[in-house]
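[1] no FASTA, just this:
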């Protein structure tokens with residue numbers, strides 16, 4: 001009989017998706033295996049950030065072993081437009097698919113949110129059918145998101161989401177959040193017991209790119225030798241507010257500036273942004289790239305950009321920062337004053353911050369860095385140092401593993417008492 005600790009992950013996103021939450025779920029599951037812990041995953045088929053399955057029509061279910069992790073993939077309903085009720089139904093469809101999958105007998109269940117509605121369905125199954133301890137791993141806070149992107153009116157759907165999130169948070173045995181500000185929000189504003197909340201920072205999952213011919217990579221993407229390339233990588237969604245970048249690029253074209261903006265990735269706003277950029281020569285779009293090419297593209301840029309819609313201050317921690325800090329390049333953060341993004345960039349001393357939704361300030365910051373390469377190099381090196389000091393995988397894995405072991409000990413003690421052996 002295998003007496004090793006066993007952990008089940010239930011989450012909508014998993015490798016080979018290379019942006020968003022997937023690299024962290026996959027990274028932790030693989031690391032647990034390396035530490036002698038059995039890891040199982042219930043997930044969907046790769047679809048993010050394109051919101052389309054990479055296979056034209058994946059099967060309803062597939063089981064595989066990936067890097068020592070047993071992965072059960074269940075096809076779910078993709079939203080026609082990833083937002084609102086269509087997004088909710090998509091999450092629900094995955095929740096039902098996951099809940100009708102055999103959970104087995106894990107010592108601990110880890111539920112990854114987003115997707116919140118799927119998390120609620122899986123949590124309900126655990127509570128009705130087993131006594132297994134549950135960890136809710138919170139990457140984004142829906143309640144904050146609804147408040148920050150303009151859904152402050154207490155409609156039925158908004159109220160329901162807030163109730164569901166609070167029920168999940170209170171119903172879990174432990175909650176893992178990715179930033180201290182998330183913990184403060186849960187404790188001070190949502191009434192979650194501080195003893196149940198653990199902060200585990202997302203780590204830098206991309207290793208620095210190997211030595212490469214930078215001019216060759218730039219030529220491959222059509223970037224000129226004298227262009228100062230400002231690259232925004234990742235999801236192109238509503239909360240990124242990337243119309244600001246289009247406007248900054250239009251202004252750069254009008255000025256005759258050497259700054260060139262690049263949007264790398266995919267998302268539900270990509271098609272719209274491509275339409276806006278048709279007559280903006282200082283802006284180009286690049287589709288999502290495999291990890292190796294993604295690292296090369298980041299390293300071949302001159303400045304890396306985090307752009308957020310005005311009003312987005314605390315709903316999420318941009319996972320792209322963990323990758324940006326590995327490049328040795330400076331960062332521009334176009335974000336609200338007081339946001340988590342601002343605090344991270346300033347804490348690392350890795351870049352400059354400009355107001356969200358201010359294209360002129362964004363372009364001015366890029367031109368300033370282009371004129372002062374020594375300052376840009378110093379900022380980039382600060383980011384690299386912050387990564388090596390604060391964002392290494394080891395510390396995050398150790399904290400998460402310790403939490404899982406403590407919960408598993410409690411679960412085993414309960415099982416022993418119930419069997420009458422104590």
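    Arrived safely, thanks for sending. Fair warning: this is a prediction, and the values are worked out from it, not measured in the lab.

[2] Flag the shaky bits of this structure, pLDDT-wise.
    Across the chain, residues meeting the criterion (pLDDT under 70) sit at 1-3, 145, 147-154, 206-209, 313-316, 411-422.

[3] Please enumerate the strands of it.
    Secondary structure of the chain by DSSP state E: the strands cover 6-10, 38-43, 61-66, 69-74, 108-113, 134-138, 174-177, 197-199, 228-233, 259-264, 283-286, 303-307, 331-335, 351-355.

[4] how about those, which one is nearest residue 155?
    strand 108-113 (21.1 Å; CB to CB). Any C-beta I mention is one placed from the backbone N, CA and C, and that applies to glycine too.

[5] could you say what helices and strands the closest one packs with?
    Packing contacts for strand 108-113, counted by 3 or more CB pairs under 8 Å, 6 or more residues apart in numbering; DSSP states H and E, involve strand 6-10, helix 116-129, strand 134-138, helix 156-171, helix 393-418.

[6] what inclination does the fourth one have with respect to strand 108-113?
    In this case it means helix 156-171. 150 degrees (axes from the mean of the first three to the mean of the last three CA atoms, to 10 degrees).

[7] any idea how far helix 156-171 is from the chain center?
    Centroid displacement of helix 156-171 relative to its chain, using CA atoms, centre = their mean, to the nearest Å, is 21 Å.

[8] for the first one, same thing?
    When distances are taken as CA atoms, centre = their mean, strand 6-10 is centred 19 Å away from the chain's centroid.

[9] Then stretch 192-209?
    Distance, centroid of stretch 192-209 to centroid of chain: 11 Å (CA atoms, centre = their mean).

[10] Looking at the helices and strands packed on strand 108-113, which is nearest to residue 49?
    Within those, the stretch nearest residue 49 is helix 116-129; the backing value is 17.7 Å (CB to CB).

[11] And residue 372, its phi and psi?
    phi -130, psi 70 (degrees, to the nearest 10).

[12] Residue 241 now?
    Main-chain dihedrals, residue 241, degrees, to the nearest 10: phi 50, psi 50.

[13] Tally up the residues packed near the spatially closest residue to it that is not a sequence neighbour, please.
    The shortest distance from residue 241 to any non-neighbouring residue, by CB to CB, 6 or more residues apart in numbering, is to residue 309 (3.0 Å). Using other CB atoms under 10 Å, residue 309 is surrounded by 21 other residues.

[14] looking at it, residue 309 is touching residue 356, isn't it?
    Yes - contact criterion CB atoms under 8 Å: residue 309 and residue 356 qualify, at 6.5 Å.

[15] overlap in contacts of these two?
    Residues touching both residue 309 and residue 356 (CB atoms under 8 Å, 6 or more residues apart in numbering) are residue 241.

[16] Let me see the contact set for the closest residue to residue 202 other than its chain neighbours.
    In this structure, residue 202 finds its nearest non-sequential neighbour in residue 178, 5.0 Å apart by CB to CB, 6+ apart. In this structure, residue 178 makes contact with 138, 139, 199, 200, 201, 202, 317, judged by CB under 8 Å, 6+ apart.

[17] closest to residue 160 among those residues?
    residue 138 (18.3 Å).

[18] Hmm, residue 274 is touching residue 286, no?
    No - checked against CB under 8 Å, the pair residue 274 and residue 286 is beyond contact range at 11.2 Å.

[19] Those two - which one has more neighbours?
    Neighbour tally, residue 274 and residue 286, criterion other CB under 10 Å: the higher count belongs to residue 286, 17 against 14.

[20] ok, now which ones touch that one?
    Contacts of residue 286 by CB under 8 Å, 6+ apart are 221, 262, 263, 264, 265, 297.

[21] Report the two of the residues you listed separated the most.
    221 and 265 (13.8 Å).

[22] who has more neighbours, these two?
    The residue with more neighbours, out of residue 221 and residue 265, is residue 265; 25 against 17, by other CB under 10 Å.

[23] Quick check: that one touching residue 19?
    Yes - with contact defined as CB under 8 Å, residue 265 counts as touching residue 19 (6.5 Å).

[24] Need the overlap of contacts for these two.
    Common neighbours of residue 265 and residue 19 (CB under 8 Å, 6+ apart) are 49, 233, 234, 235, 288.

[25] List just the nearest of those to residue 60.
    residue 49 (23.4 Å).

[26] Would you mind measuring from the closest one to residue 235?
    According to CB to CB, to the nearest Å, residue 49 and residue 235 sit 5 Å apart.

[27] Quick check: neighbours shared by these two?
    Joint contacts of residue 49 and residue 235 (CB under 8 Å, 6+ apart) are 19, 20, 265, 266, 267.

[28] With adjacent residues omitted, what lies nearest to the third one?
    In other words, residue 265. Nearest to residue 265 is residue 234, by CB to CB, 6+ apart, at 4.9 Å.

[29] what does the last one give?
    With CB to CB, 6+ apart as the criterion, residue 267 has its nearest non-adjacent residue at 3.4 Å, and that residue is residue 236.

[30] Quick check: that neighbour touching residue 264?
    No - in this structure, residue 236 is not within contact of residue 264 by CB under 8 Å, at 9.3 Å.

[31] For stretch 358-370, buried residues please.
    358, 359, 361, 362, 363, 364, 365, 366, 367, 369, 370 (16 or more other CB atoms under 10 Å).

[32] Tell me which of the residues you listed fall in helices.
    359, 361, 362, 363, 364, 365, 366, 367, 369, 370 (DSSP state H).

[33] Great, nothing more from me.
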